[in-house]
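*Asks:* for reference, the sequence and a predicted model appear below.
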Amino acid sequence: MLFAVWLMMAGLNPKSCATYVSNAKGALESQFRFKLTTDRAVELPLLLRSMRKLEGQARKKRLGWQAHHARKLLAARGPPKTFQELTEVAVMDLMREGLLRGAEVGPPHVLKDQHAWTLSNCPTVGDVSFAHEPREHMVVMIWPCKKRSQQGKVPVLINKPTGAAVDISAYDAIHRLLAARCAKATGGESDEALRAWMEGNAAPLFVKQGADGEWRGLTVDDIRGVVKSSAREIGLEESELGAHSPRIGGATDYFTAGVPALAIQLAGRWDSDFWQIYCRLCVGQTLDYAAAASLAEDISLEETCENYSQPASTFRTM
């Protein structure tokens, strides 16, 4: 572990440090046939994780793409008119509401086969379904980016909104996009024609037309480009946004709306409490807390109970 700390202080990237030390540890254990750590020892992964957190204090600024950004883009651009705009709006809204990583919408590797638009592990048209119980919503099956062994696709639920939320709704954006593609492919515009076209359709959910005229699935680089161009249109610094920005913004919106921590963790498919670093503190929320704190009337337990002091222990919140 001291060697791991030395590597970190020497400037080695934390992930590289973790990989190098883990490989060296495994090789030594195999050669000498005994474990280098005991059950009572501090585990190396825990140490490396703490070191990565220390490095994270100087992380690069990353903005989230929130609901209010989507409204600004709608006001600046107007309703989507072209197929490209339909696709971009659907991508951004789905990632934000579904707390999706960029690589879960547009994976990095395009399969080279007879179908120019086939993309590895990307959501397909057939992965989308519309349900009416217990209320109207959409289900998108996705391959989680950080999946366990033998894990299949998992559902992402998107509610059909009402009122002001309709304009930036992922449900409506995906429905408009699929209806446009169905009409172009089959000429049918009814809901029955749409359902029949969607069923079992293995084409990527999000596609673009290349310079050669062929349709291809969006890659994660395309997703990143969509995020940056959308940010540029509303005056944000595009270098501060990336393919994870809609996931960050969606988590922040959930947090600001008062969604329970466990619900955020499950909705975003986080295995740990790492969801907390995605949530950005918001101005209105901070002002509300400050106003409430200034009206507080309660008294601390240490003040009222003689000879009592609060234990100096910490715990993780869920």
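*Replies:* That came in fine, so what should we check first?
*Asks:* residue 232: neighbour count?
*Replies:* By other C-beta atoms under 10 Å, the residues close to residue 232 number 12. Just so you know, the C-beta spots here come from the backbone N, C-alpha and C atoms, and that holds for glycine as well.
*Asks:* using the three-state scheme, assign it.
*Replies:* Recorded secondary structure, residue 232: helix (DSSP: H, G, I helix; E, B strand; the rest coil).
*Asks:* quick one: it from residue 226, how far?
*Replies:* 11 Å (C-beta to C-beta, to the nearest Å).
*Asks:* so residue 218 touches residue 106, yeah?
*Replies:* Yes: using C-beta atoms under 8 Å, residue 218 is in contact with residue 106, at 4.1 Å.
*Asks:* look at these two and report which has more neighbours.
*Replies:* More crowded of residue 218 and residue 106, by other C-beta under 10 Å: residue 106, with 29 against 25.
*Asks:* doesn't residue 122 make contact with the more buried one?
*Replies:* Yes: Residue 106 lies in contact with residue 122 (C-beta under 8 Å); the separation is 6.4 Å.
*Asks:* and residue 63, what element?
*Replies:* For residue 63, there is no enclosing helix or strand under DSSP states H and E.
*Asks:* ok, and the closest non-adjacent residue to it?
*Replies:* Spatial nearest neighbour of residue 63, chain neighbours left out: residue 240 (4.6 Å); criterion: C-beta to C-beta, 6 or more residues apart in numbering.
*Asks:* same question, residue 124
*Replies:* In space, residue 124 is closest to residue 202, 5.2 Å off (C-beta to C-beta, 6+ apart).
*Asks:* which secondary structure element contains the one you found?
*Replies:* Counting by DSSP H and E, no helix or strand carries residue 202.
*Asks:* surely it touches residue 126?
*Replies:* Yes: here residue 202 reaches residue 126: they are 6.1 Å apart, a contact under C-beta under 8 Å.
*Asks:* in contact with residue 229, which residues?
*Replies:* Contacts for residue 229 (C-beta atoms under 8 Å, 6 or more residues apart in numbering) come out as 88, 238.
*Asks:* residue 72 versus residue 231, what's the distance?
*Replies:* Counting by C-beta to C-beta, the separation of residue 231 from residue 72 is 10 Å.
*Asks:* next: residue 167.
*Replies:* From residue 167 across to residue 72, the span is 12 Å (C-beta to C-beta).
*Asks:* and if you look at residue 258?
*Replies:* As for residue 258, its distance to residue 72 is 23 Å (criterion: C-beta to C-beta).
*Asks:* when the two are compared, which one has more neighbours?
*Replies:* residue 72 (16 against 7).
*Asks:* what kind of secondary structure is that one in?
*Replies:* Secondary structure, three-state DSSP: residue 72 is helix.
*Asks:* need the contact list for the closest residue in space to it that isn't next to it in sequence.
*Replies:* Excluding its sequence neighbours, the residue lying closest to residue 72 (C-beta to C-beta, 6+ apart) is residue 234, at 4.4 Å. Going by C-beta under 8 Å, 6+ apart, residue 234 touches 69, 72, 73, 76.
*Asks:* cool, and residue 199?
*Replies:* Counting by C-beta under 8 Å, 6+ apart, residue 199 touches residue 126.
*Asks:* where's it relative to residue 193, distance?
*Replies:* With distances taken as C-beta to C-beta, residue 199 is found 11 Å from residue 193.
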